[in-house]
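J.: I would like to see how this sequence folds:
(chains A, B and C)
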Amino acid sequence: MKYFRLVWKNVWRKKIRTSLTILSVLVAFLLFALLSALGYAFKAGVDVADAERLVVIDKISLINPIPMSYQNRIASTPGVQSVTHASWFGGFYQEPRNQFGQFPVNPENYFDMYPEFNIPPEQLEAFKNNRTGAVVGQELATTYGWKVGDRIPIQATIWTKADGGRTWDFVLEGIFSTDDPRGSSALMLFHYDYFEEARAFGKGTVGWYVLRVANGADPVQVANAIDLQFANSPNETETSTEAAFAQSFTSQFGNIALIVTMILAAVFFTLLLVSGNTMSQSVRERISELAVLKTLGFTDRTVLGIVLSESILIMMMGGLLGLGLGWLVVQGLSKQMAAFLPGVFLSPGAMGGAVAIMIGAGILAGIFPAVKAMRLSIIDALSRA
Amino acid sequence: MRGPKQIFAVTWLNLRNLPQRIGSSVVAVIGVAAVVLVFAAVLSMAKGFERTMISAGSDDTAIIMRSGSTSELNSGLSNEQALIIAESPGVLKDGDAPVMSAELYVVVDVKKKSTGTDANVPFRGVQSGAFDVRKNVSLADGRMFEPGKNEFIVGRSAQQEFAGLETGSTIRFGQTEWSVVGSFEAGGSVSESELWTDVRVLQGAYRRGNGFQSVRVKLQSEASLSELEAALEADPRINPDVMSEKEYYSGQAAPISQFIKLVGYPLTILMAIGAVFGALNSMYSSVSVRGKEIATLRALGFGPLSILVSTMIESTILALVGGLLGGAIAYLAFNGFQVSTLNGATFSQVVFDFAVTPDLLIDGLKAALIIGAFGGLFPAIRAARLPVAQALREL
Amino acid sequence: MSEILARLEGVSRTYKKGKESVAVLNELDLEIPQGDFLAIMGPSGSGKTTLLNLLGGLDKPTSGKVIVGDDELSSMSNSQLSSWRSSHVGFIFQFYNLLPVLNAHRNVELPLLLTDFSSKERAERASIALDIVGLAERAKHYPRELSGGQEQRVAIARAIVSDPSLLLCDEPTGDLDRDTADEILRLLQVLNRDHGKTIIMVTHDAQAAEYAKRTLHCDKGTLEAKEAA
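T.: Alright, predicted model coming up:
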């Protein structure tokens, strides 16, 4: 620590050069923060998945409905603690671009299946008691400015009503939130019974079942047991853990992670060159000073340490500023995008990774100039000065 | 005019001693190259996606779906409605028969070759008119599916992207075993991401009775669209959305290509700012290395303008080299790179190629030149203002 | 004569220049007693600076022994030499070699960073050293804000701050005008006489050499004594 002043002063030897280098580092880590937050949104579903929950879908495709009659058979499968269901509604609010998840569910037990959703008990009760009632997540309520008691018309794109109408009216009975900052609550839930009775076609089916595995039961065995039950029936099922389900859904978008990684690799490669160049310029300029330090009795390793510290310090200054700025932007962005792309979040893991990258990049950028400084022969360097 | 000659002479001197400051020059070049590379790579995704979607649609083919459907997937039309549409005014006829195809669109799970994970692949039931309403579709190998049999032909892109779709193989969807009897080309359009079979077979396999989801008709001319639309609107038996196929696919292309652009442009701008810092750094060190030389030139009577312009030229040249390098790498590495993603509207996969187009490359070079200009300006001003006497004494 | 501080025994130093070996010092014997102020004169390339480097542990002889105090420098490793230098010897250069990024006080304090002193002790010692060279009021100034003579005083303060017994000066007045040079040389005399520092000074300048107790002439790797006036 006593060398800090020396390191600090050396870093600012050329103010413009150091500032420019720090700014490039800042930009790189700002990008890192934004891209990892974006990447996080795409795999948020996987991370928040509950390992004890299984999802049962039609084997041909998620979009094929499954008979309602399966519910009791699933519930009586050994190892299944409870089961509920949901369906895809796929409507929009006012304009087609206002799309979000709307699910007809069983209000009696849906919230028991998802304990991470918090809803005031009196609102849940009101929801259960109102056939055309609906509840929405906090993010949606904020985005569209909805309050409890509001009438919300949703335009159907798939489910016309038996009377030919396309507008489904709901009364907002409650607003739920989620504990997990990474989870999304950009959902609207309403009564399956209302949906089932009023829709023009597709009666007697649900989109998918969600079940909770009993304590001690093996989720894999339970999943196999369910799929075996419905094998060779008109609607074969595919049961997977919530994480695997979310994963398969996410991977449909293509390899986002790969693209993000490639961009970041290009960014950081450039960054290393920029700061490596700064460091070697800086060492080249003060060869005689480094020789003087050694004359005074600074060991080779101390000199190495000083030059490396300079490089790491530059990287940390730019990196932490960039990360901080990125954090601020992500905070703003995640609120704005909550309804469209939920789960935009700068995770502690990503921030830790960023700091590790700063140190690593600082070492990489500084190591060659530092070794050069370490190996410096005092006599040669002094006679050159 | 002495000006241009002076500038030329000074620039020549600058470039001659470029090797002495090769380190920071290379860094500046690579910085710019990285910007152009990332710009071209990301935006080529949007380009490729748009191209795949839009090349599928033509102006003289109309697609008719149930009103309010956002895509074929959500739509539903009865057999009767399909017949009404086929007999409507504006529809091109081949002899007595209207040129049309009533189709069913379902989604099946097939594994992606690259990841081994399930992907939603569109499975389309078509009528024989499908090849007439779409002009650029042709069989590439194997044979046509036979009506009434569990056989399908597969789009070339889908065949490359997804596992188990080789011509001659069989694949199981649900309880039905299907034979892949051939593959087809469709000019790289979105149709190549699909599997096609006889619509009657698909209706049976997926218990859709004799319902369809969409009807495509060939129009007598582009202008016939409004005629057809008016006729169908007026018919109480049908409540349709009528649009040209081009309009339909453009609408589907928009969300994803906009998302890519929404990410791509700010990304490029941020990176460009970083590259400007790199270029500034390089040019400042160039000016400080050349301090004595610049002072000597000034002492000999060269004007400040020639020093300024020559520094700008140097930075522009470095940026241009970087831009060309980045563009070339982007073209070689990404052009034609095949990926697939989920088209939200149809909830199914679209296979497309990255398209590093000339206009993308030109945009990239423009960005490079802007970076070069910004990176050169301030150092150039410093160089031009360098106090002559002091610079000579210092070195 | 008092106790011997430094001794060279049969020291040779050859450098490789391409394929040829050039002998700079040849079988040199030298004894330097405690409290000496020795001037070494001679033409460029005569080996004066090499001699100084050997005594300061910056260079090692090709053959022979260099002994300073109780330590045989010629058999020490590079890192041993580093830590030896930090406490046993102070260097004063022609071009001062102060670090431009640090102010006078921090430059003087620099060698103390290698010790276990607390920051308070370091500051005190640096102040004392600056006081001795008469620059206490310039402590906060940066090298670029000081004159050549002042810079050299700071360099001298830096050389004595860790209280070494031996000061090695390589052309300490080579870059200074006559009056300033005399001041610096008088300062060295004070350090020699009042503070008991043994000083070895390489110089071109016969007038500077007169401040020393004795002068040796170095030529082609051998030394020839010439008693001071």
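J.: Which one of the residues in chain C is closest to chain B?
T.: Closest residue of chain C to chain B, CB to the nearest CB: C:Arg144 (12.0 Å). C-beta here means a position set from N, CA and C on the backbone, and glycine is covered the same way.
J.: Contacts only, for that residue.
T.: C:Pro100 (CB atoms under 8 Å, 6 or more residues apart in numbering or on different chains).
J.: Could you confirm it falls within a strand?
T.: No: read with DSSP: H, G, I helix; E, B strand; the rest coil, C:Arg144 is helix and lies in no strand.
J.: where along chain C do the strands fall?
T.: Assignment of strands within chain C using DSSP state E yields the ranges C:4-17, C:20-33, C:37-41, C:63-68, C:71-72, C:89-92, C:166-170, C:198-203, C:214-219, C:222-226.
J.: Around chain B, pick out the residues from the stretch 101-250 of chain A.
T.: A:Gln155, A:Ala156, A:Thr157, A:Ile158, A:Thr160, A:Arg166, A:Phe201, A:Asn232, A:Pro234, A:Glu236, A:Gln247, A:Ser248 (CB under 8 Å from any CB of the partner chain).
J.: rerun that using 6 Å as the cut-off
T.: A:Thr157, A:Ile158, A:Arg166, A:Glu236, A:Ser248 (CB under 6 Å from any CB of the partner chain).
J.: For A:Ala134, grab the count of nearby residues.
T.: Neighbours of A:Ala134 under the rule other CB atoms under 10 Å in any protein chain shown: 25.
J.: Distance-wise, check it relative to B:Pro266.
T.: 36 Å (CB to CB, to the nearest Å).
J.: correct me, but B:Ile85 touches B:Val215?
T.: Yes: B:Ile85 is within contact range of B:Val215, at 4.8 Å (criterion: CB atoms under 6 Å).
J.: Now do the shared contacts for those two.
T.: By CB atoms under 6 Å, 6 or more residues apart in numbering or on different chains, B:Ile85 and B:Val215 have these common neighbours: B:Ile64.
J.: For chain B, what's the nearest residue on the stretch 1-150 of chain A?
T.: The stretch 1-150 of chain A approaches chain B most closely through A:Val27 (3.7 Å), counting by CB to the nearest CB.
J.: which SS state does that residue fall under?
T.: Under three-state DSSP, A:Val27 comes out as helix.
J.: wait, it sits on B:Ala275?
T.: No: taking contacts as CB under 6 Å, A:Val27 lies outside contact range of B:Ala275: 8.9 Å.
J.: burial measure for residue 281, as a count.
T.: Since no chain was named, I'll use chain A. 21.
J.: ah, no, chain B please
T.: By the criterion of other CB under 10 Å, B:Asn281 has 30 neighbours.
J.: quick one, helices of the stretch 151-300 of chain B?
T.: Per DSSP state H, counting those that start in this stretch, the stretch 151-300 of chain B carries helices over the ranges B:156-161, B:199-205, B:224-234, B:245-289, B:291-300.
J.: Those: which one's closest to chain C?
T.: Using CB to the nearest CB, the nearest of the helices of the stretch 151-300 of chain B to chain C is helix B:245-289, at 15.4 Å.
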